[in-house]
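> my questions concern the predicted model and sequence given below.
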Amino acid sequence: MLNIFGFYKFINITKLKKHKQDLQLFMVNNDVKGALIIAKEGINGTISGKKIATRLFEKKILKQFNFKDFDSRNNSLCKFQPFHKAKVKIKKEVVPFGLNLDKKNKKKNIYVEPDQWNELIKKKHTLLIDARKPFEHKVGTFNGASNPNVKNFRDFPKYLSKVKKSQPVAMFCTGGIRCEKASVYLKNNGFKNVYQLKGGILGYLEKIKKEKSLWKGECYVFDNRISLKHKLKQGTHSMCGGCRTPVSALNIKSKKYEAGVSCLNCYDKLTRDQIERFRMRQKQINLAKQQGKSHIFKKVFS
């Protein structure tokens, strides 16, 4: 079993290129894979590897950037390696929003622990906002949640501008990082009662028992596990080979679904040339599996 460790920390970082090289080298040397983003405002990532290797990497980050603990963290187990490579990228922001966080403006945020979240979102006048993208929202969400229906997180403020400032707002996202910025944005624009789920959906699914949960469906994740259930166990969704959107176990039964080729979302949009290319790619994937080799699945939909 491999350990999956997701985390983020808002902290001032300098010498980004040096840190990138150092982190990348450690990951390669210790067979740790995953995706990391570092920016002047902090670090965000999910890594996978043997437990001892991910623990060493965790300690390395804490020591290298000189802080005691992450703003958010979650751990889960997986039977296979959900990442193909070890990637460390330098970005302007750890999550794009057009707003940089620091210790001063982050103090404005009000966090709600998973065991107190149910009580908050049950309140009649609370506006519950799912701060993720539409396709993530479709895989699973909380009862009564509204979705901004924006493809780019930078467009999120346009949706927030329509929300009544007098209404209590409770927000959630996958790990919590998008809500960090959205909460500050709302506070800066006159909203008085803004709350965010501490640790995000993953923190909630990790700590709250299924029988007490208000979560419906599964949580989409950006790696080859595709989706997670309570206790962060792997979900039932697959990834469409045509449009790279998650496909539920029910939709797999559709006549429009073909493994590695199409699903209900893209079946009527694909050209004959695309279908032939996708089928050829799927043959290569199947052959690689038979030979015990890995095959990197790349997006080729256009």
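Ah, there it is.

> low-confidence ranges in the chain?
Where the chain drops to pLDDT under 70, the residues are 107-108, 153, 293-302.

> cutoff 90 now
95-109, 124-125, 148-167, 181-192, 285-302 (pLDDT under 90).

> now do the contacts for the residue located most distally from the centre of it.
In terms of distance from the mean C-alpha position of the chain, residue 272 ranks first, at 32.9 Å (C-alpha atoms, centre = their mean). By C-beta atoms under 8 Å, 6 or more residues apart in numbering, the contact list for residue 272 is empty. For glycine as for every other residue, the C-beta is placed from the backbone atoms N, C-alpha and C.

> distance of it from residue 278?
Distance of residue 272 to residue 278, computed by C-beta to C-beta, to the nearest Å: 11 Å.

> same question, residue 150
Look at residue 150 and residue 278: by C-beta to C-beta, they are 28 Å apart.

> one more: residue 54?
From residue 54 to residue 278 the distance is 34 Å (C-beta to C-beta).

> and residue 150 and residue 278? Which one has more around it.
When residue 150 and residue 278 are compared for neighbours, residue 278 comes out ahead with 22 against 16, by other C-beta atoms under 10 Å.

> quick check: the more buried one is in a helix.
Yes - checked against DSSP: H, G, I helix; E, B strand; the rest coil, residue 278 lies within a helix.

> who's in contact with residue 216?
140-143.

> and after the host helix or strand of it, which helix or strand comes next?
According to DSSP states H and E, residue 216 maps onto strand 215-217. Using DSSP H and E, the helix or strand that follows strand 215-217 towards the C-terminus is strand 219-220.

> so how far is the following helix or strand past that next one off the chain centroid?
Using DSSP H and E, the helix or strand that follows strand 219-220 in sequence is strand 227-228. Between the centre of strand 227-228 and the centre of its chain there are 10 Å (C-alpha atoms, centre = their mean, to the nearest Å).

> what packs against strand 227-228?
Packed against strand 227-228 by the contact rule (3 or more C-beta pairs under 8 Å, 6 or more residues apart in numbering; DSSP states H and E) you find strand 219-220.

> can you give the distance from the strand it packs on to the centre of its chain?
8 Å.

> what are the pairing partners of it, and which direction each?
Strand 219-220 has the following strand partners under DSSP bridges: strand 227-228 (antiparallel).

> so residue 195 lies in a strand, does it not?
Yes - counting by three-state DSSP, residue 195 is part of a strand.

> please name the bridge partners of it.
Taking DSSP bridges as the rule, residue 195 bridges to residue 170.

> what's the neighbour count on it?
Around residue 195 there are 22 other residues, counting by other C-beta under 10 Å.

> what is the neighbour count of residue 105?
Residues lying near residue 105 (other C-beta under 10 Å) number 18.

> can I take it that it is in a helix?
Yes - under three-state DSSP, residue 105 falls within a helix.

> does it touch residue 184 like I think?
Yes - taking C-beta atoms under 8 Å as the definition, residue 105 is a contact partner of residue 184 at 5.0 Å.

> got the buried residues for stretch 51-71?
Of all the residues in stretch 51-71, those buried under the rule 16 or more other C-beta atoms under 10 Å are 53-54, 57-58, 61, 70-71.

> in helices, which of those appear?
Among the buried residues of stretch 51-71, the members found in helices (DSSP state H) are 53-54, 57-58, 61.

> closest to residue 230 among those?
residue 54 (22.0 Å; C-beta to C-beta).

> in its sheet, what does the strand holding residue 216 sit against?
Using DSSP bridges, strand 215-217 pairs in its sheet with strand 140-142 (antiparallel).
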